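# I'd like to go over a predicted model; first the sequence, then the structure.
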Amino acid sequence: MGGTDFENMDEAGEYVLGTLDATERTAFEARLVRDEALQTEVAEWQRRLTPLDGETANIEPPPYLFDRILARIDIRPANNVVMLTRRMNAWRGATIAFAALAAALLLVVVVPGQMAPRSKSLYVAVLQGSDAKPAFVAAVDVKTKTMVVRRVGAATPEGHSYELWALGGGRTAPQPLGVIETALRLSSDQLGETPLNATTFAVSLEPTGGSTTGAPTGPVLFTGKLLQAE
Amino acid sequence: MLATLLGQTARGDRAAFSELYDLTKAKLFGVIRRILTRSDLAEEALQESYVRIWSNASRYDSSQAAAMTWMIAIARNQAIDLKRKVNERVAASAVALDDVTLVAPQANTDDSADLRSLRECLGGLTENGRDMVLLAYHQGYSRDELSARFNRPVATVKTILRRSLIALKECLDGRH
């Protein structure tokens, strides 16, 4: 192992310098992910060489670049609705894959103690963020006219609230449904006459108490499409 | 300052991310532009760098690296990866070997102490070794490109680079 370690240490310098060939670079990065000593060695080399950046002239990037970056990370400030639509499409595939999980979670999370018979009246959604982990689960039962959204992911960051919105189904703007602490119970009448299987839920990060403008003001962190439970 | 903004960015704070961008974009773009001379590629690399900074901000460890060093490392990686990808596509087309400004070995008084040390240690390398290290770091030269430029076999370039890095490390670490 000793020899390999020394080779790794030498490679760390060349990795930071950028002179490893493509194969070596890929192999090195694969080791880097799980080798903390190697990560430290890479950080050391970055620290040794970064003074050279001090003599590199600053160059202003073109002004349109930041908008492109925001579009890539899905937090467009100017037009949340456009962004939501794009996000909704992007996550549709993943959400469908989670339908089975949603159905399973429902039994445990939404209706503990009362094993709901499988019913065509039940719609579920799993809201996910960019890491694809379920953050909220939602269930709408049209028979009992109830709707429950429950947080299953990370707690609300301090000084903020998570706010729920409904989109799609002919809505021209996100419809505010309220702030979610750990769970939010509503009448499904609130969703109006819109077809449920065309509705997507989204959760945005807002100041404590929720948005005061009637529209999402913070980043939309989680979305999930409502699907009929089978 | 930058570390605080990175921490806020990790929690999804868009205003902090925007401020972080404003404070660092010109340095990162300067670093990238030396490696990628085509402006469309440089813009692509800058964009991808900030996407990575956004999504990896929670992995930033202030005990391991200064925030700027961490961000520059991301930008250099993006630029080098893109340069290699493009070079593969246009392998045959001659890359103009341009006017490089190589660091003079003597130190300037208005430089940071770290840069002075680094320059002095670079000054202790062989001329080829020093030029290769600087061309690789600043302009993203691969071993193949260095081999062509210095008219040396690739294996020799690798040996020179390794020796230079070992000497650099010993010199710099001996100063702390």
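Happy to help now that I have it. The shown structure was predicted, so the numbers you read here are calculated from the model rather than taken from an experiment. Residues are numbered from 1 along each chain as shown, chains lettered A, B, ... in the order given.

# show me what contacts residue A:203?
A:127, A:135-136, A:162-165, A:180, A:220-223 (CB atoms under 8 Å, 6 or more residues apart in numbering or on different chains). (Each C-beta comes from the backbone N, C-alpha and C, glycine too.)

# so where does residue 43 fall, helix or strand?
Answering for chain A, as no chain was given. Using DSSP states H and E, residue A:43 sits within helix A:36-49.

# I was after chain B.
helix B:39-56.

# Quick check: what element follows that helix along the chain?
That would be, after helix B:39-56 and using DSSP H and E, helix B:67-89.

# what sits up against that next one?
A:16, A:18, A:22, A:25, A:46-47, A:50, A:53, B:2-3, B:5-6, B:24, B:27-28, B:31-32, B:35-36, B:38, B:41-42, B:44-46, B:48-49, B:52-53, B:56, B:60, B:64-65, B:95, B:140, B:142.

# and chain B, which of the contacts of residue A:203 reach it?
residue A:221 (CB under 8 Å from any CB of the partner chain).

# Selecting buried members of the contacts of residue A:203 in ChimeraX, what would you type?
Provided next is the ChimeraX selection string for whichever of the contacts of residue A:203 are buried by 16 or more other CB atoms under 10 Å in any protein chain shown:
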select /A:127,135,136,162,163,164,165,180,220,221,222,223
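
# so which of the contacts of residue A:203 comes closest to residue B:127?
In terms of CB to CB, no member of these lies closer to residue B:127 than residue A:221, at 54.0 Å.

# what number of residues lie near the nearest residue to the closest one once chain neighbours are set aside?
Counting by CB to CB, 6 or more residues apart in numbering or on different chains, residue A:221 lies nearest to residue A:129, which is 5.1 Å off, once chain neighbours are set aside. Applying other CB atoms under 10 Å in any protein chain shown, we find 20 residues neighbouring residue A:129.

# And for residue A:38?
Residue A:38: 19 neighbours (other CB under 10 Å).

# can I assume it is in contact with residue A:31?
Yes: between residue A:38 and residue A:31 there is a contact under CB atoms under 8 Å: 6.0 Å.

# What residues does the residue nearest the centre of chain A make contact with?
Central residue of chain A (CA atoms, centre = their mean): residue A:129, 1.4 Å from the mean position. The neighbours of residue A:129, taking CB under 8 Å, 6+ apart as the test, are A:135, A:153, A:221-222.

# Return the member of those nearest to chain B.
residue A:221 (6.0 Å; CB to the nearest CB).

# contact partners of stretch B:51-62?
So stretch B:51-62 is contacted by A:69, A:72-73, A:130, B:3, B:6-7, B:9-10, B:17, B:20, B:67, B:70-71, B:74, B:78 (CB under 8 Å, 6+ apart).

# Between which two of those is the distance greatest?
A:72 and B:3 (23.5 Å).

# Spell out the secondary structure type for residue A:126.
strand (DSSP: H, G, I helix; E, B strand; the rest coil).

# wait, it sits on residue A:137?
Yes: counting by CB under 8 Å, residue A:126 touches residue A:137, with 5.6 Å between them.

# quick one, which of these two is more surrounded?
residue A:126 (31 against 26).

# And that one, how far from residue A:199?
Computed as CB to CB, to the nearest Å, the residue A:126 to residue A:199 distance reads 14 Å.

# With residue A:148 instead?
15 Å.

# Show me which of these two is the more surrounded one.
For the pair residue A:148 and residue A:199, the greater number of neighbours falls to residue A:199 (23 against 18), based on other CB under 10 Å.

# Domains in the chain, by residue range?
You didn't pick a chain, so chain A it is. A:2-55, A:78-228 (automatic domain parsing).

# Switch to chain B, please.
B:2-89, B:113-173.

# Using JSON lines, lay out the ones you listed together with mean pLDDT and distance to residue A:142.
Below are the domains of chain B laid out as JSON lines (pLDDT from 0 to 100; distance: least, CB to CB, whole Å):
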{"stretch": "domain B:2-89", "mean pLDDT": "91", "distance to residue A:142": "33"}
{"stretch": "domain B:113-173", "mean pLDDT": "93", "distance to residue A:142": "59"}
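
# Go through these and name the closest to residue A:185.
Once the domains of chain B are compared by CB to CB, domain B:2-89 is nearest, at 26.0 Å.

# For the closest one, what is the distance to the chain centroid?
How far domain B:2-89 lies from its chain's middle: 11 Å, per CA atoms, centre = their mean, to the nearest Å.

# just to revisit the earlier point, quickly, which of the domains of chain A bottoms out on average pLDDT?
Mean pLDDT per stretch puts domain A:78-228 lowest among the domains of chain A, at a mean of 74.

# Which helix or strand contains residue A:194?
According to DSSP H and E, residue A:194 maps onto no helix or strand at all.

# List the contacts of it.
So residue A:194 contacts A:166, A:168-171 (CB under 8 Å, 6+ apart).

# ok, back up a step: check which helices and strands the helix holding residue A:43 sits against.
helix A:2-17, helix A:22-34, helix B:67-89, helix B:154-173 (3 or more CB pairs under 8 Å, 6 or more residues apart in numbering or on different chains; DSSP states H and E).

# quick one, it and helix B:67-89 angle?
100 degrees (axes from the mean of the first three to the mean of the last three CA atoms, to 10 degrees).

# where along chain A do the strands fall?
Secondary structure of chain A (DSSP state E): strands at A:122-128, A:134-141, A:146-151, A:160-168, A:175-180, A:183-187, A:199-207, A:220-225, A:227-228.
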